[in-house]
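1. Predicted model and sequence below, questions to follow.
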Protein chains: 2
Amino acid sequence: MNPYGVVVTKKKFVPFAFIAVDIVVLTIRDRQLQVIAVRRGEEPDVGKLALPGGFVKKDEDLEAAARRELVEETNLEVEFLEQVKTYGAPDRDPRGRTISVLYVAVVPDLPEGEAGTDATEALWVPVVELEKMSLPFDHSIMLADAVERARAKLEYSPLAASFCREPFTIGQLRRVYEIVWGKQKYDIDPANFQRKVLSAKDFVVATGEVVSDGPGRPAREYRLGTASILNPPVTR
Amino acid sequence: MNPYGVVVTKKKFVPFAFIAVDIVVLTIRDRQLQVIAVRRGEEPDVGKLALPGGFVKKDEDLEAAARRELVEETNLEVEFLEQVKTYGAPDRDPRGRTISVLYVAVVPDLPEGEAGTDATEALWVPVVELEKMSLPFDHSIMLADAVERARAKLEYSPLAASFCREPFTIGQLRRVYEIVWGKQKYDIDPANFQRKVLSAKDFVVATGEVVSDGPGRPAREYRLGTASILNPPVTR
DNA sequence: CAAATAGTGTCTCTTAGACAGTATTAT
DNA sequence: ATAATACTGTCTAAGAGACACTATTTG
């Protein structure tokens, strides 16, 4: 089955293709960077894990399609979606020429079973696990590209806060950086990190509250500030 | 004319769309950041200036399509093409649903008339001029996105050297930064810039030659080094 | 000669990182 | 009390920018 058709514009034949979106949704669960995956219910690769995604509808915006597919397949509603890259190798989908636009999103740690545990069969998988598996289409490359984008954005954007539920503490934020960047506990100096975050203008604002969680001195609580770029950046 | 068709996969109707690529090619001419534009020969917007680009062929890779269109419409062959973003608003092209993948490229200052002065009607236009014009489709947004990408990449990649023919001098490189970032002459301190470039590991390597061009002490010549990211970066 | 450009030296200020030390909690 | 976490203080080294100064060309 080949979707290629032609439409005559003046004297030219113009081929066309299916348009798809795929989404890498990242979160931190169990002190690991995890990604949501769905089990494929259709050929090709029925039964294999894959990134959520699907075809864009007529008159549907690309980002809207990504949101819709995410809800349909994983029950997840995300705030921000960032377009990462578009994949269009002629043979990337055996069903016919398909162009796929990749998005990445980040969500805070969710209560167990809030997403994907219903009939939809979506599940959280540690990124390092999914990277080892054989994924359909070019989903392995997509995963790598999206994770690298997220890692890079931690440096110069407030993305890290998207992994936390508000209000959050500086310690929680530090753990996000450690985990997403694959560092060991305390590889990032808590003292220096504290100053770095607080010196980045409008990254976070204190609520005035403190919260005690486990042993140790209670931590001040913060909310995300208005900054869209961190200055100075948080270096890797 | 609406290109939307449907193909049955199991029980679903899958719409499809035209796939296009557009390219922003930047250079420095006449101490200005310029972009190559083509005059449209087809509806819509016949006669208007637009970014070069066109439809992707059956079994053609996206980047290959961008290179082909660039040669066809502007006679330009570029080394590196970087994918910037994909535009897919349902109504962005009146001829029917079209998804366009945007690429950006950079070329050194070319001898007058080397590109685009034949029948193809391609011409170099200062970016500030083209930004003021009404462009077809969403080309104005594309132009802004591509220019911003190039400005950002100057900081942490050796992109600036792509604006120069090898070998080049540090002074020529400095002018690239000044012009692309829209700074006045000597806004960037030549002394500090020199050290910055030479301290960025593998950014440039000296050829050992010197060249004299106009008044002033002759400058050492350099070639691009092997670095793909600049460390430390050249800050804006 | 003056003007222009290339390149070095040096000073100051800021920032990054290492690390010691204090504060406050759970157990 | 001990361990764990939060936070402050302080020192050092490196980098950014300002600017004086030297070197070498054109006109």
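-> Received it, and whenever you're ready, just let me know what you need.
2. export the biggest strand by length in chain A as CSV, just CAs?
-> For chain A, the strand with the greatest residue count under DSSP state E is strand A:12-29. This file holds the C-alpha atoms of strand A:12-29, laid out as CSV (Å, rounded to 0.1, in the frame of the first residue of the first chain):
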residue,chain,number,x,y,z
LYS,A,12,3.7,19.5,-12.2
PHE,A,13,2.8,16.3,-10.3
VAL,A,14,3.2,16.8,-6.6
PRO,A,15,3.6,13.8,-4.4
PHE,A,16,2.2,13.8,-0.9
ALA,A,17,2.6,11.8,2.3
PHE,A,18,1.1,10.9,5.6
ILE,A,19,1.8,13.3,8.5
ALA,A,20,2.4,11.9,11.9
VAL,A,21,3.4,13.3,15.3
ASP,A,22,5.3,11.4,18.0
ILE,A,23,5.9,12.5,21.5
VAL,A,24,8.5,11.8,24.1
VAL,A,25,7.1,12.5,27.5
LEU,A,26,9.7,12.5,30.3
THR,A,27,9.3,12.4,34.0
ILE,A,28,11.3,11.3,37.1
ARG,A,29,10.0,8.3,38.9
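3. hmm, it in reach of chain B?
-> Yes - using CB under 8 Å from any CB of the partner chain, strand A:12-29 reaches chain B at A:12, A:14-19. No exception for glycine: its C-beta is placed from N, CA and C like everyone else's.
4. Would you map out the domains in chain A?
-> Domain segmentation of chain A under automatic domain parsing yields A:6-154, A:158-224.
5. And those domains: which comes nearest B:Glu73?
-> domain A:6-154 (14.0 Å; CB to CB).
6. quick one: the host helix or strand of A:Glu148 to strand A:12-29, angle?
-> For A:Glu148, the host element (DSSP states H and E) is helix A:139-156. On the basis of axes from the mean of the first three to the mean of the last three CA atoms, to 10 degrees, helix A:139-156 is oriented at 60 degrees to strand A:12-29.
7. now helix A:139-156, how far from the chain's geometric center?
-> Relative to its chain's centre, helix A:139-156 lies at 8 Å (CA atoms, centre = their mean, to the nearest Å).
8. for it, which positions count as buried?
-> Residues of helix A:139-156 classed as buried: A:139-140, A:142-143, A:145-147, A:149-151, A:153-154, A:156 (neighbour count, 16 or more other CB atoms under 10 Å in any protein chain shown).
9. With stretch A:179-187 instead?
-> Applying 16+ other CB under 10 Å to stretch A:179-187 flags A:179-180 as buried.
10. Output it as PDB, nothing but the C-alphas.
-> The C-alpha trace of stretch A:179-187 is given here as PDB (Å, rounded to 0.1, in the frame of the first residue of the first chain):
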ATOM      1  CA  ILE A 179      19.000  12.500  37.500                       C
ATOM      2  CA  VAL A 180      18.500  14.000  34.000                       C
ATOM      3  CA  TRP A 181      22.200  14.500  33.600                       C
ATOM      4  CA  GLY A 182      23.000  11.100  34.900                       C
ATOM      5  CA  LYS A 183      25.100  12.200  37.800                       C
ATOM      6  CA  GLN A 184      25.700  10.500  41.100                       C
ATOM      7  CA  LYS A 185      24.000  11.800  44.200                       C
ATOM      8  CA  TYR A 186      25.900  14.900  45.400                       C
ATOM      9  CA  ASP A 187      27.900  15.100  42.200                       C
END
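11. Is DNA strand C within reach of stretch A:164-183?
-> No - judged by CB under 7 Å from any atom of the strand, stretch A:164-183 makes no contact with DNA strand C; its nearest approach is 11.2 Å.
12. Now tell me what touches that stretch from outside.
-> The list of residues contacting stretch A:164-183 from outside it, by CB atoms under 8 Å, 6 or more residues apart in numbering or on different chains, reads A:26, A:28, A:31-33, A:108-109, A:150-151, A:154, A:160-161, A:163, A:184-185, A:187-188, A:190, A:193-194, A:197-198, A:204, A:207, A:209, A:211, A:213, A:219-224, A:234, A:236.
13. Would you indicate which residues of that stretch are buried?
-> A:164, A:167-170, A:172-180.
14. Give me the subset of the residues you listed lying in helices.
-> If you go by DSSP state H, the buried residues of stretch A:164-183 have A:170, A:172-180 in helices.
15. Can you add pLDDT and give those residues back as CSV?
-> Output for those, formatted as CSV (pLDDT from 0 to 100):
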residue, pLDDT
A:Ile170, 97
A:Gln172, 96
A:Leu173, 96
A:Arg174, 96
A:Arg175, 96
A:Val176, 97
A:Tyr177, 96
A:Glu178, 96
A:Ile179, 97
A:Val180, 97
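16. Could you single out the nearest of the residues of strand A:12-29 next to chain B to DNA strand C?
-> A:Ile19 (41.7 Å; CB to the nearest atom of the strand).
17. that older thread, of the domains of chain A, which approaches B:Val38 most closely?
-> Evaluated over those, closeness to B:Val38 peaks at domain A:6-154, with 16.2 Å, by CB to CB.
18. So for that closest one, mean pLDDT?
-> Computed over domain A:6-154, the mean pLDDT rounds to 89.
19. touching DNA strand C at all, the helix holding A:Glu148?
-> No - on the criterion CB under 7 Å from any atom of the strand, helix A:139-156 is out of touch with DNA strand C, staying 10.3 Å away.
20. which outside residues touch that helix?
-> A:22, A:24, A:26, A:33, A:35, A:50-51, A:82, A:84-85, A:87, A:100, A:102, A:104, A:106, A:127, A:130-131, A:134-135, A:159-160, A:176-177, A:180-181, A:229-230, A:233-236.
21. So which of these belong to helices?
-> Per DSSP H, the contacts of helix A:139-156 map to helices at A:127, A:130-131, A:176-177, A:180.
22. Show me which of the contacts of helix A:139-156 are buried.
-> By neighbour count, with 16+ other CB under 10 Å, the contacts of helix A:139-156 hold A:22, A:24, A:26, A:33, A:35, A:50-51, A:82, A:84-85, A:87, A:100, A:102, A:104, A:106, A:127, A:130, A:135, A:159-160, A:176-177, A:180, A:230, A:234 as buried.
23. what lines up beside the host helix or strand of A:Gly208 in the sheet?
-> Element membership of A:Gly208, judged by DSSP H and E, is strand A:204-211. Paired strands of strand A:204-211, with direction, are strand A:219-224 (antiparallel) (DSSP bridges).
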